[in-house]
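S.K.: Sequence plus predicted model, see below.
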Amino acid sequence: MWNGKKSISLSKLCILVFTFMLIGTALSAPWLVRRFLDFSRADLVGKEIFFLLTIYSGSIPAAVLLFCLYRLLHRIELEQVFITANVEYLRRISWSCFAGAIICFASIPYYFPWIFVAVAAAFMGLIVRVIKNVIAQAVELKNESELTI
């Protein structure tokens, strides 16, 4: 039967898969960019360096996000849900989303479709930020209730 432990394990497995995909993308970025530019009908001659710059600079917040997400799930697995460390992980995840959005927004001048990734990343950062604020309030209430006799 499906339960919370299995769900967390599946989520952690997915994070590991995405981590290996991120590493694979970073290692094969020059080849991927060449293939994309050969396949694309847009006039992107001489833009290879810009794509590589976007991919490599975007890999940093993506790696931070995956690490924090894994640690957050690990804490939840240990039944440490409403703690300040989780609030900090959520804060870092949201800032990673916003950093990715900024990188994508900066990439729009050479390839306009980056705007879609930028908007999605910014929206995801906003959602995580709201969740972070809810969890922060829950941590505060939990801490206050533990002090009350």
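M.R.: Done, it's in.
S.K.: alpha carbons only for contacts and neighbour counts from here, please
M.R.: Will do.
S.K.: which element is the most centrally placed residue in the chain on?
M.R.: In the chain, the centroid-proximal residue (C-alpha atoms, centre = their mean) is Leu65; its distance is 4.0 Å. Of the helices and strands defined by DSSP states H and E, Leu65 is found in helix 48-77.
S.K.: Just the C-alpha atoms of the following helix or strand past that helix, please, in CSV.
M.R.: Toward the C-terminal end, the helix or strand that comes next after helix 48-77 (DSSP H and E) is helix 84-107. The C-alpha coordinates for helix 84-107 follow below in CSV (Å, rounded to 0.1, in the frame of the first residue of the first chain):
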residue,chain,number,x,y,z
THR,A,84,13.5,26.6,11.3
ALA,A,85,16.0,24.6,9.2
ASN,A,86,13.1,23.8,6.8
VAL,A,87,12.2,27.4,6.6
GLU,A,88,15.8,28.2,5.6
TYR,A,89,15.7,25.4,3.0
LEU,A,90,12.5,26.8,1.5
ARG,A,91,14.0,30.3,1.5
ARG,A,92,17.1,29.0,-0.4
ILE,A,93,14.8,27.1,-2.9
SER,A,94,12.8,30.2,-3.6
TRP,A,95,15.9,32.4,-4.1
SER,A,96,17.3,29.7,-6.4
CYS,A,97,14.1,29.9,-8.5
PHE,A,98,14.4,33.7,-8.6
ALA,A,99,18.1,33.5,-9.6
GLY,A,100,17.2,31.1,-12.4
ALA,A,101,14.5,33.6,-13.5
ILE,A,102,17.0,36.4,-13.5
ILE,A,103,19.5,34.4,-15.6
CYS,A,104,16.7,33.5,-18.1
PHE,A,105,15.5,37.1,-18.2
ALA,A,106,19.1,38.2,-19.0
SER,A,107,19.1,35.7,-21.8
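S.K.: Touching helix 84-107 from outside, list them.
M.R.: Here helix 84-107 makes contact (C-alpha atoms under 8 Å, 6 or more residues apart in numbering) with 50, 54, 57-58, 61-62, 64-65, 68-69, 71-72, 75, 114-115, 117-122, 124-126, 128-129, 131-133, 135-136, 139.
S.K.: buried sites along it?
M.R.: For helix 84-107, burial by neighbour count (16 or more other C-alpha atoms under 10 Å) applies to 86-87, 89-105, 107.
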